[in-house]
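1. sequence and predicted model, in that order:
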Amino acid sequence: MPQLPAPDYPAEVRARLDADAREIVARYPDSRSALLPLLHLVQAEEGYVSRTGMRFCAETLGLTTAEVTAVATFYTMYRRKPSGDYQVGVCTNTLCAVMGGDAIFDELKQHLGVGNNETTPDGKVTLEHIECNAACDFAPVVMVNWEFFDNQTPETAKRLVDDLRAGRPVTPTRGAPLCTYKETARILAGFPDERPGAVEASGGAGPASLVGLRLAKGEAAPGARVVHPRGEAPQDEPAPGSGHLSSHDAPQPTSASDPQHPSGPVTEEGE
C-alpha cells in the first residue's frame, strides 16, 4: 500500500531547521550539492533520517523525495531508523577481522543482547559492523560516533560500552572528545563544534601511521626493520646505491639494464 505523505515538523522546529538550511545551502553554487549536509542536519534533529526529514530536504532543495531517498539509502552514515546516543562500530574488514575484530563484534552482540544495527533497550548504544576506517595500523579498531578507539580487545570493548551506558566519561584514543550521535551529526552538517577545547583536541594520524611517511622521506623511523625475501639471509647493509630500506623495493629489470629483453613498439601478430 502506498504510504501517506510524511508529516511536517512542528512549526518551531521547522523554523529553526529552515534557518540552518539556508546557511548550509548558501555555501554551494548549486543548491542540490547541499543534500548531504542537509541529511546530517535532519539526522541531528531526530537521531536518524526520517520520512519527515527527507521531505524537508526535498522541499528545501526542490528535489523529489525519491531523489532524496536514493541518496539517504546509499550512504551507511545515514540511519534509517531510531538509534542510540552512541553508534558503536566494530571494524570487521580484513585486517581488523584477523586481528580480533570478528571476536569483538561477536562478544559485544552477546554482551549487549543486540544484533547488527540494533539498539539496546535503554537507547544508549547502537551496535554495527563497519568497513575499513583507514586505521589499519591500530587494528582492531572500534569507533564510537566516528571517534577512534584503537587496539581493542573483547574485554576493553565491553568495558567501553558499559561505560557509555552508565554515563561514565569515555575518552577516544585520539581525536576530539566524544559527543552524542545527534551532536556529531550537526558537526558533520558543517556547523562548528562549540564545546570548549574540542577543536584543539582534534589530532592527526597516530605515530604508527606516520612511520611510512618518515620512511618515504628517507628519515630513520624508530624501531623500523628491514624485511627480506623468504629464504634469503638478512644483510647488515643495503646494496651500495640502492637507497631502499627493504629488498622488496629493489628496482625491477628494464630495457636499459636487461639487454636480453629490450622494450619497443608492440606490433600486431604477423606484422
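-> Yep, it's here.

2. near residue 40, how many other residues are there?
-> 21 (other CB atoms under 10 Å). (C-beta placed from N, C-alpha, C; glycine too.)

3. an error on my part: the question was meant for residue 189.
-> Counted with other CB under 10 Å, residue 189 comes out at 21.

4. how close does it get to residue 78?
-> 12 Å (CB to CB, to the nearest Å).

5. got a list of what residue 191 touches?
-> residue 20 (CB atoms under 8 Å, 6 or more residues apart in numbering).

6. tell me how far it lies from residue 144.
-> Counting by CB to CB, the gap from residue 191 to residue 144 is 20 Å.

7. what's the answer for residue 34, then?
-> 28 Å.

8. equivalent analysis for residue 35, please.
-> 26 Å.

9. now do residue 11
-> Distance from residue 11 to residue 144, by CB to CB: 34 Å.

10. which of those two has more residues huddled nearby?
-> A direct count of neighbours by other CB under 10 Å for residue 11 and residue 144 places residue 144 higher, at 22 against 8.

11. what sits in contact with each of residue 189 and residue 78?
-> In contact with both residue 189 and residue 78: residue 40, using CB under 8 Å, 6+ apart.

12. three-state assignment of residue 90?
-> Using DSSP: H, G, I helix; E, B strand; the rest coil, the structure places residue 90 in strand.

13. surely it meets residue 106?
-> No. Contact between residue 90 and residue 106 fails when scored by CB atoms under 8 Å: they sit 9.3 Å apart.

14. find the nearest non-adjacent residue to residue 38, please.
-> Excluding its sequence neighbours, the residue lying closest to residue 38 (CB to CB, 6 or more residues apart in numbering) is residue 57, at 4.7 Å.

15. next one: residue 113
-> residue 120 is the one closest to residue 113 (CB to CB, 6+ apart), at 7.3 Å.

16. wait, what's in contact with the one you found?
-> 84, 112, 113, 114, 126, 165.

17. for ChimeraX, what selects the buried ones among those residues?
-> Remark: buried members of these, expressed as a ChimeraX selection using 16 or more other CB atoms under 10 Å:
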select :84,112,114,126,165
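
18. which of the contacts of residue 120 fall in helices?
-> 112, 165 (DSSP state H).

19. now flag whichever of the contacts of residue 120 is closest to residue 67.
-> Nearest to residue 67 among these is residue 126, at 26.8 Å by CB to CB.

20. that closest one pairs with what?
-> Residue 126 has these beta-bridge partners by DSSP bridges: residue 87, residue 119.

21. what sits against it?
-> Contacts of residue 126 (CB under 8 Å, 6+ apart): 79, 83, 84, 86, 87, 88, 117, 118, 119, 120, 181.

22. how about the contacts made by residue 187?
-> 179, 193.

23. chain neighbours aside, what residue packs nearest to residue 154?
-> Nearest to residue 154 is residue 107, by CB to CB, 6+ apart, at 4.0 Å.

24. before we move on, what SS does the one you found have?
-> Residue 107 ends up helix, using three-state DSSP.

25. ok, back up a step: can you tell me how far the residue nearest to residue 113 sits from residue 102?
-> Residue 120 is 21 Å from residue 102, by CB to CB.

26. cool, residue 60 as well?
-> Residue 60 is 42 Å from residue 102, by CB to CB.

27. those two: who's more crowded?
-> Set side by side, residue 60 and residue 102 show more neighbours around residue 60, with 21 against 16, by other CB under 10 Å.

28. the more buried one reaches residue 26, doesn't it?
-> No. Here residue 60 does not reach residue 26: they are 12.0 Å apart, not a contact under CB under 8 Å.

29. in this protein, which helix or strand is least confident?
-> helix 198-201 (a mean of 73; mean pLDDT, DSSP states H and E).

30. burial check on residue 109, number of neighbours?
-> 16.
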